[in-house]
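Peer 1: for reference, the sequence and a predicted model appear below.
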Amino acid sequence: MLKLSPLTNEYCIEANKWRLEARETLRTPYMKTDEMQKRFFEDVVCDPRSNHRYFAVMEGKQFIGMGGLCNIEWENGRAEISLIVNPMLQKRGYGKGAVELLLYEAFSNYRLFIVHGECYECNIDIGFWKKIAPQNNQIIIPKRKYWNGNFWRSLYFWWDRP
């Protein structure tokens with residue numbers, strides 16, 4: 001059974017290895033060392049005043065991915081969704097399950113009203129977000145990512161609180 005659990009430094013470092021394999025997909029495309037990821041864990045994940053909430057996505061004792069609600073605007077009731085799944089475990093329904101858990105966390109436990117996300121068209125997994133986000137809550141934004149000598153459009157999407 002898939003669940004969200006506290007994120008550990010070890011899981012953060014493991015997720016960083018996946019990040020390094022998919023830099024074109026990231027909002028922060030620079031490479032992070034394990035030390036930088038450790039500082040991220042200490043400064044962001046462990047700080048209760050942070051406007052980010054990150055979780056380990058687990059199936060039993062297996063670490064599947066790292067998900068979060070980022071840039072939370074408590075006064076506006078909104079956050080951005082973040083998700084990275086172990087590349088060896090993709091296309092098995094874990095991403096969809098993780099998104100459902102993150103949305104439950106956002107709407108039921110944090111009392112947020114909107115969760116939004118963005119996926120660049122240079123990301124080979126853009127089809128996942130097109131499929132899972134509400135069809136009438138998707139727009140294309142031009143020239144959002146410069147990668148590999150080209151500007152790429154992005155898919156912006158959101159979920160409203162049920």
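Peer 2: That came through fine. Residues are numbered from 1 along each chain as shown.

Peer 1: now do the helices in this protein.
Peer 2: In chain order, the chain shows helices spanning 9-21, 34-40, 94-104, 126-132, with DSSP state H as the criterion.

Peer 1: looking at the ones you listed, which is buried most?
Peer 2: For those, average neighbour numbers computed from mean count of other C-beta atoms under 10 Å are highest in helix 94-104, which has a mean of 18. No exception for glycine: its C-beta is placed from N, CA and C like everyone else's.

Peer 1: and it, what does it pack against?
Peer 2: Using 3 or more C-beta pairs under 8 Å, 6 or more residues apart in numbering; DSSP states H and E, the elements in contact with helix 94-104 are strand 2-6, strand 53-59, strand 62-73, strand 78-85, helix 126-132.

Peer 1: redo the ones you listed as CSV? Include mean pLDDT and distance to residue 100.
Peer 2: As requested, the helices and strands packed on helix 94-104 are arranged in CSV below (pLDDT from 0 to 100; distance: least, C-beta to C-beta, whole Å):
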stretch, mean pLDDT, distance to residue 100
strand 2-6, 98, 9
strand 53-59, 98, 11
strand 62-73, 98, 11
strand 78-85, 97, 11
helix 126-132, 97, 9
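
Peer 1: fine by me, thanks again.
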